[in-house]
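J.: Below are the sequence and a predicted model; questions follow.
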Amino acid sequence: MSFGTAGHARSLILDDVLGAQKMLSGVARTTAMEGSRYLTRLIGAPVLFKCENLQRTGSFKLRGAYVRIAGLSPEERAAGVVAASAGNHAQGVALASALLGVRSTVFMPIGAPLPKVAATREYGAEVRLHGQVVDETLAAAQEYARDTGAVFIHPFDHPDVIAGQGTVGLEILEQCPEVRTILVGVGGGGLIAGIALAVKAVRPDVKVIGVQAEGAAAYPPSLRAGRPVVVGAPQTMADGIKVGRPGDIPFQLIQELVDEVRTVSEDELSSALLLCLERAKLVVEPAGASPVAALLSDPGAFRGPVVAVLSGGNVDPVLMQRVLTHGMAAAGRFLSLRLLVTDRPGALAEMLGVLSVADANVLDVSHVRTDPRLGLTEVDVEVHLETKGPEHCAEVEAALREAGYRILG
C-alpha cells in the first residue's frame, strides 16, 4: 500500500487503515489499555489509558514509519530512506528500516538528548547531528534526499504514515467498544488524523478531541483560518508535539473529523506526567501526558468512557527530573518561602522546629545577611520545603505566622 507523495487526505478510507493493521501484524504491539481509578473518580466515568508509551521504540511512531517504508518500490528501497527528528520518529524510522532491510540515515539536532541518539543508532540507523533546531535538521535531511536519491520519510504529512497511526484507533474500538471520547496529543497531526479516520468510519458518535501545548498550539488558529498557519518559535517541554505548523494532509482530516482541539499549560503537563508516574506507574513523556493534562484541567467536559492515548514514553532523564520537580510545585508539593529571622544563636533551630511540628520536610536553607534593607539583628532566610499539597502549604505558612515570623514571599 502506497499513495506516493501526491496522496491526499480525501484518498484515505477505512480500508487503508485496515490494510495497515494487517501489514503491522507481528511488527507493532497491540498495546495495553489500563484503567485509571483516580481519573475515573475525578470525571465520574471510566477513564482508560491506551499505552503507546509501551510500544516498540517507546512510541506510536513505529506504526506509520513501517507502513510508509514497506510501501516503497524496490528501487526506492535500494536508495535508502532519510528522516529528521529529535527522538520518537527517528527511532521509529530506524527500527522499521532495520526490520525491512532498508538503509536509513537520520538527522537529529545537535542538542538532541543522548539516550535518544544512542537508541536510534542501536536500532540500526546512521545518525548525523546537524542544526540547533529541528527546522535546520529538517532542511539538512531534505537536502540529503535530493543529493542522494534517498526517500524522505515525513513524520506526519503522508497518507501511508497516517494510515499506520490510524491502527491505534482500531485497537481502541476493539479494546473499549463502549468508548465515548478519545483524547489525543497533537503536534503535526498524523496520529489524531489517523485515529479520527478509523474511529469515525465505524463509530461516528465517538468524540475525538485533540490536545496541544499552549506554547505550540498551531491547530486552533489554523482551524479558525481554514488553512494551516505557522506559530512562530513554539515553546513547550512537550517536544513530541512541539510543531509550528500543521501538516497539510492531517489538517484536512482534522478539519473534517476531529470534534475539538484544546490546549493545556506547562503546569498542567507536568502535573499530568507526575500523575501517570505516581498513580499509574507509567513513564510517559510530556507530549504523551497531554491528554491526561486535559482531563485534569477540565474534568467535567468529557463524556465517558474516555480513552486517553499515552503516545510516548521516551523522556530524557534530565528532563524527567526537571518536569517532576515542576509538577510537584504545580501540585502544591513544594513550598519556597523567605522569612525574616532574628540573627542570634539558636534562631534558625527554632524556626526549623516550627517547620518540624508542621510536618514540612526541609530540602534547602540559605541565609542573606548583607542586604542593606535588613536590620542590624535581622537575617533573610530562604527555605525550600516538601509538603503534602496546597492545604498543607497553607497550614505551614499559618504555623510560621503564629510563631511570629514575617513571611516576605
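T.: Arrived safely. Residues are numbered from 1 along each chain as shown.
J.: what does the lowest-mean-pLDDT helix or strand in the chain contact?
T.: Least confident helix or strand of the chain, by mean pLDDT, DSSP states H and E, is helix 317-330 with a mean of 75. With CB atoms under 8 Å, 6 or more residues apart in numbering as the test, helix 317-330 has contacts from 113, 115, 237, 266-274, 277, 283, 286, 315, 334, 386. C-beta here means a position set from N, CA and C on the backbone, and glycine is covered the same way.
J.: Give me the helices and strands touching the helix or strand following that helix, please.
T.: Using DSSP states H and E, the next helix or strand after helix 317-330 towards the C-terminus is strand 334-342. Applying 3 or more CB pairs under 8 Å, 6 or more residues apart in numbering; DSSP states H and E, we find strand 334-342 packed against helix 347-357, strand 378-386, helix 390-402, strand 406-407.
J.: for Arg128, what are its contacts?
T.: Per CB under 8 Å, 6+ apart, neighbours of Arg128: 105-108, 140, 144.
J.: can you give me the angle the least confident helix or strand of the chain makes with strand 334-342?
T.: Angle, helix 317-330 to strand 334-342, by axes from the mean of the first three to the mean of the last three CA atoms, to 10 degrees: 70 degrees.
J.: Now helix 317-330: buried residues?
T.: 323-324, 326-328, 330 (16 or more other CB atoms under 10 Å).
J.: from those, which is closest to Arg344?
T.: Nearest to Arg344, judged by CB to CB, of those is Met328 at 33.7 Å.
J.: So which residues of the stretch 201-350 of the chain form helices?
T.: 219-225, 248-257, 266-279, 290-297, 317-330, 347-357 (DSSP state H, counting those that start in this stretch).
J.: Centre of the chain to the fourth one, how far?
T.: Think helix 290-297. Here helix 290-297 is found 11 Å from its chain centre; the criterion is CA atoms, centre = their mean, to the nearest Å.
J.: circling back to that earlier point, from the contacts of Arg128, which ones fall inside helices?
T.: Using DSSP state H, the members of these that fall within helices are 140, 144.
J.: most surrounded residue in the contacts of Arg128?
T.: In terms of neighbours by other CB atoms under 10 Å, the contacts of Arg128 top out with Val106 at 30 neighbours.
J.: surely it meets Ala86?
T.: No - if you go by CB atoms under 8 Å, Val106 and Ala86 don't touch, sitting 10.4 Å apart.
J.: Could you tell me the average pLDDT over stretch 165-176, please?
T.: Across stretch 165-176, pLDDT averages out at 98.
J.: Identify the residues contacting that stretch?
T.: Contacts of stretch 165-176 (CB under 8 Å, 6+ apart): 16-18, 20-21, 24, 28, 30-31, 33, 48, 50, 52, 60, 63-64, 179, 182, 190-191, 193-199, 202-203, 305, 307, 309.
J.: So which bits of that stretch are buried?
T.: 165-173, 176.
J.: out of the contacts of helix 317-330, which are buried?
T.: Neighbour-count burial (16+ other CB under 10 Å) applied to these gives 113, 237, 266-274, 277, 283, 286, 315, 334.
J.: where along this structure do the strands fall?
T.: Taking DSSP state E, the strands of the chain run over residues 33-35, 47-51, 81-84, 104-108, 126-129, 151-152, 181-185, 207-213, 260-264, 306-310, 334-342, 361-368, 378-386, 406-407.
J.: Reformat the ones you listed as TSV; add mean pLDDT and distance to Ser11.
T.: Shown next, in TSV, are the strands of the chain (pLDDT from 0 to 100; distance: least, CB to CB, whole Å):
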stretch	mean pLDDT	distance to Ser11
strand 33-35	96	30
strand 47-51	98	26
strand 81-84	96	22
strand 104-108	95	26
strand 126-129	95	32
strand 151-152	97	19
strand 181-185	98	22
strand 207-213	97	20
strand 260-264	97	23
strand 306-310	98	24
strand 334-342	78	51
strand 361-368	78	57
strand 378-386	78	55
strand 406-407	81	63
